[in-house]
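J.: Based on what follows, work out the 3D shape:
(one chain, ligands or ions: 1)
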Amino acid sequence: MKKIRALAILIMFLMIFPSSCLAVKDELPSLKDIYEEYFPIGTAVSVASWANPKTLYTHDSLIEKHFNSLTVENAMKPDYLQPREGHFNFRQGNEVVDFAESKNMLVRGHTLVWHAQTADWFFKDNEGRRIDEKEEITESDRQLVIGRMEAHIERVVSEYKGRIYAWDVVNEAISDSPNVIYRQDSPWYKILGEDFIKLAFIKAHEVDPDAKLFYNDYGAVNPNKRDRIIKMLEGLIAEGVPVHGIGIQGHWSVEGPSFEDIERAIQMYADLGLEIHITELDVGMKGYTEEEQAQYYREIFKIFKKYSDVITNVTFWGMTDNTSWRADVDPLLFDKNQEPKPAFWAIVNTDNPWYVNKAECIGALAFRNSAGKELVTLLPGKYTLNDINSVFSLEEVARLELQKGYVAIFHESEDFTGDTYTYISTDEFDGLDMLNKVKGVNIKHVEFNNILLGKTAEANVAADRAERAIDGNSNSSWSPNAQAPYWLTVDLEETHLINRWVVKLHGTGPLAGANPDGPFNAADYKLQVSTDGVNWYDIDTVTGNTASFTDRNIKSTEARYVRLYVTRPTSLDFNQKLVVYEFEVYGIPLTNIF
Ligand code: G3I
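T.: Residues are numbered from 1 along each chain as shown. Okay, here's the model as predicted:
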């Protein structure tokens, strides 16, 4: 671990936190409380007899803590509620509605009319032949199917009248193909044409005039499908059909849809005068990090909040990744242990990055014993070691762990003056050894940015173009072509604490088509630092590299000057040409830390 002995720092105020401020894990913030003034926060729960696990029971505390709206994931679909004509099974649905009522939660009904999860008998004639497969469909066939659809709606909606506040009346009726509006493979459409949609809404409204009636679909923010959905909705509205809202399912991924498409769709649906429910939200993270997923969730919740006058429910399609229908892409807020992921923290307060929300809620600096057990986690702020010692014995401490985005400044004197030891999140701590020397700790949030932007660069070769490597423009490069080694130095103008460096090489540029790997990428190079621009120290060394893009975290290090030092400019031995599109070093001026 790199230890920083900084200049003596005068701390003006001494704040001693009592031990009651030390965070404990069961004080997670509640999503439904956080979003109370915006919209209910819902989740889909599984209760079907075949479901394993039945999350209504295995995840009941999580449900109760964070959600105030429930949707039944499968057990209110037509095949479940009416597997045979006239035989209704409300048992599992009732379990959810009873649970919701006992906890003062809303229930969304999902779903009355759908091409999937609907038993065959709905579409068979009296001779047992599939009507939708007939060459000629008669009027009596049509009336038979309309009758069944209306009878199903009648029975189900009246069963839950006054208990289910919003119904997905028709699910996924619009085509994914740009050539046609309606989904062609739906037996409802094949038999009844588009009329089945309005008939379903009219019937549901007749049975429960107080229920909010929704059209629900996936791909609903994709501009093409959105326009087809809007065309259909405009037709219904023009005919006076009682449709009250659009359900945007929200089975998305970190890659998209884009925030622009989401916002535009919300505006356009709102312009129809409809309420919007986000009905089945989950954001897959395949190929991405939890942090990137958190960032996507943060951005979409900013949009949802902005339009909370029209968005009147946001429901997640499940709670934990392992129980999700998309378990392969870990799309939800909680992990398999029901612990919150960065995505959860991201939406706790969309003004901050996820890690700041987490640190402010459950602490930024954890003290662990030799078995890895958490002794205590401190919220950001200043503490004397005496305070901490009053909660547990410091002698037990073997490891310390810092939340990303925070520094811990340990002071040798109890009034937070004198020499300091500074640690940042990428560090490993040596625990007791250091704690024996200090009397206080100040835990602070700091943002590390690319500190080379706007600075001056010097180089031993192609010096006139050196600044192209630090200009923030990935299309301009510093490209020396002589005898290695090559170096490029940047004067940071004051001492910084640095913790990460990035090099974008030949392959990232426009000429190489942004190839992730390639033989023209620098093979051996290192990051060096200096306090005087004369004596250099190696901080991190890369050898045998073939990647175009390297992004490396380093232990916290003090630097006044930084140097990219390249000894083997490409992975082809005969080639001396080096191409650096960007060189970035992330840090913060030391003066900003204290
Ligand atoms: O029906 C059988 C049952 O007999 C059997 O015992 C059981 C054993 O696992 O499987 C049952 O099939 C299940 C099926 O739902 C019911 O037909 C599958 O396992 C199950 O994985 C399946 O998936 C559901 C899916 O809808 C079916 O279309 C998901 O759990 C559910 O999350 C998903 O939800 C849909 C929304 O309703 C509409 N929007 C899209 C969303 C995702 O597909």
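J.: which parts of the stretch 201-350 of the chain sit against the ligand?
T.: Contact residues (C-beta under 6 Å from any ligand atom) of the stretch 201-350 of the chain with the ligand: Tyr218, Gln249, Glu280, Trp325. Where you see a C-beta, it was placed from the backbone N, CA and C, and this is true even at glycine.
J.: out of those residues, which are buried?
T.: Buried by 16 or more other C-beta atoms under 10 Å: Tyr218, Gln249, Glu280, out of these.
J.: The last one touches Gln249, doesn't it?
T.: Read it as Glu280. Yes: if you go by C-beta atoms under 8 Å, Glu280 and Gln249 touch, sitting 4.0 Å apart.
J.: Thr541 belongs to a helix?
T.: No: looking at Thr541 with DSSP: H, G, I helix; E, B strand; the rest coil, it is strand, so not inside a helix.
J.: List the contacts of the closest residue to it other than its chain neighbours.
T.: Leaving aside its chain neighbours, Thr541 sits nearest to Lys526 (4.2 Å; criterion: C-beta to C-beta, 6 or more residues apart in numbering). Under the criterion of C-beta atoms under 8 Å, 6 or more residues apart in numbering, the contact list for Lys526 reads Asp538, Ile539, Asp540, Thr541, Val542, Leu564, Tyr565, Thr567.
J.: Work out for me the element Lys526 sits within.
T.: Secondary structure from DSSP states H and E places Lys526 in strand 524-530.
J.: do the same with Gln267
T.: Element membership of Gln267, judged by DSSP H and E, is helix 259-271.
J.: Specify the angle between the very next helix or strand once past that helix and helix 259-271 in degrees.
T.: Next helix or strand after helix 259-271 toward the C-terminus (DSSP H and E): strand 275-284. Orientation note: strand 275-284 sits at an angle of 160 degrees relative to helix 259-271 (axes from the mean of the first three to the mean of the last three C-alpha atoms, to 10 degrees).
J.: Give the other helices and strands that strand 275-284 contacts.
T.: The helices and strands touching strand 275-284, judged by 3 or more C-beta pairs under 8 Å, 6 or more residues apart in numbering; DSSP states H and E, are strand 106-114, strand 212-217, strand 245-248, strand 251-253, helix 259-271, helix 290-306, strand 311-316.
J.: buried set for stretch 376-395?
T.: Residues of stretch 376-395 classed as buried: 376-385, 387-388, 391, 394 (neighbour count, 16+ other C-beta under 10 Å).
J.: Actually, stretch 444-462.
T.: Buried-residue list, stretch 444-462, by 16+ other C-beta under 10 Å: Lys444, His445, Val446, Phe448, Asn450, Ile451, Leu452, Ala457, Ala459, Val461, Ala462.
J.: wait, which of those is closest to Ala51?
T.: His445 (42.2 Å; C-beta to C-beta).
J.: Would you map the helices across the stretch 401-550 of the chain?
T.: 432-435 (DSSP state H, counting those that start in this stretch).
J.: Point out where it drops to low pLDDT.
T.: Scanning the stretch 401-550 of the chain for pLDDT under 70 picks out the ranges 417-432, 512-516.
J.: try the stretch 1-150 of the chain
T.: Scanning the stretch 1-150 of the chain for pLDDT under 70 picks out the ranges 1-26.
J.: Tell me which residue of it lies closest to the ligand.
T.: Residue nearest to the ligand within the stretch 1-150 of the chain: Trp50 (3.4 Å; C-beta to the nearest ligand atom).
J.: Report the secondary structure element holding the nearest residue to Ser530 once chain neighbours are set aside.
T.: Leaving aside its sequence neighbours, Ser530 sits nearest to Tyr561 (C-beta to C-beta, 6+ apart; 4.3 Å). When elements are defined using DSSP H and E, Tyr561 is found to belong to strand 549-568.
J.: Could you identify the helix or strand that succeeds that strand?
T.: As assigned by DSSP H and E, the chain's next helix or strand after strand 549-568 is strand 580-589.
J.: relative to strand 524-530, how tilted is that next one?
T.: Between strand 580-589 and strand 524-530, the angle comes out at 30 degrees (the same axes, to 10 degrees).
J.: now the angle from strand 580-589 to strand 549-568?
T.: Interaxial angle of strand 580-589 relative to strand 549-568 (the same axes, to 10 degrees): 110 degrees.
J.: all strands for the stretch 351-500 of the chain, in order.
T.: Using DSSP state E, counting those that start in this stretch, the strands of the stretch 351-500 of the chain run over 365-368, 374-378, 381-384, 399-402, 406-411, 420-424, 440-445, 449-450, 456-459, 486-505.
J.: Let me have those strands in a markdown table, adding distance to Lys32 as columns.
T.: Below are the strands of the stretch 351-500 of the chain laid out as a markdown table (distance: least, C-beta to C-beta, whole Å):
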| stretch | distance to Lys32 |
| --- | --- |
| strand 365-368 | 28 |
| strand 374-378 | 25 |
| strand 381-384 | 28 |
| strand 399-402 | 30 |
| strand 406-411 | 28 |
| strand 420-424 | 35 |
| strand 440-445 | 27 |
| strand 449-450 | 35 |
| strand 456-459 | 52 |
| strand 486-505 | 37 |
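J.: could you dump the ones you listed to TSV with distance to the ligand?
T.: Shown next, in TSV, are the strands of the stretch 351-500 of the chain (distance: least, C-beta to the nearest ligand atom, whole Å):
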stretch	distance to the ligand
strand 365-368	36
strand 374-378	35
strand 381-384	43
strand 399-402	36
strand 406-411	38
strand 420-424	42
strand 440-445	39
strand 449-450	41
strand 456-459	52
strand 486-505	38
